[in-house]
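Trainee: sequence and predicted structure below; questions after.
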Amino acid sequence: MEEERMRKLLTVAFAVAGILAYRKWRETEEEKAVWSRETDRVD
């Protein structure tokens with residue numbers, strides 16, 4: 001019984017970590033896109 005609860009907690013923790021990592025990656029990608037747009041304008 002205890003092992004099953006631990007497995008569920010781990011699953012939730014991994015899901016949350018994955019979502020946070022994905023959101024951070026998307027922010028980084030958007031920043032890169034903004035930077036490339038800014039530099040394009042200068043050229």
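Mentor: Sure, I can see it.

Trainee: helices of the protein, start to end?
Mentor: Secondary structure of the chain (DSSP state H): helices located at 2-42.

Trainee: name the spans of it whose pLDDT lies under the cut-off.
Mentor: 41-43 (pLDDT under 70).

Trainee: same thing but at 80, please
Mentor: Across the chain, the ranges flagged by pLDDT under 80 are 38-43.

Trainee: neighbours of residue 27, how many?
Mentor: By other C-beta atoms under 10 Å, 10 other residues sit near residue 27. From N, CA and C alone the C-beta is placed, and that goes for glycine too.

Trainee: repeat for the one 10 residues further on
Mentor: Other residues within reach of residue 37 by the criterion other C-beta under 10 Å amount to 9.

Trainee: what do you get for residue 22?
Mentor: For residue 22, using other C-beta under 10 Å, the count is 10.

Trainee: work out the gap between stretch 35-42 and the centre of the chain.
Mentor: Chain-centre distance of stretch 35-42: 25 Å, with C-alpha atoms, centre = their mean, to the nearest Å.

Trainee: which other residues reach it?
Mentor: Counting contacts by C-beta atoms under 8 Å, 6 or more residues apart in numbering, no residue outside stretch 35-42 touches it.

Trainee: then that stretch to PDB, C-alphas only?
Mentor: Listed next in PDB are the C-alpha coordinates belonging to stretch 35-42 (Å, rounded to 0.1, in the frame of the first residue of the first chain):
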ATOM      1  CA  TRP A  35      16.400  38.500 -30.000                       C
ATOM      2  CA  SER A  36      16.600  37.300 -33.600                       C
ATOM      3  CA  ARG A  37      13.800  39.700 -34.600                       C
ATOM      4  CA  GLU A  38      15.600  42.600 -32.800                       C
ATOM      5  CA  THR A  39      18.900  41.800 -34.500                       C
ATOM      6  CA  ASP A  40      17.200  41.400 -37.900                       C
ATOM      7  CA  ARG A  41      15.800  44.900 -37.500                       C
ATOM      8  CA  VAL A  42      19.200  46.400 -36.800                       C
END
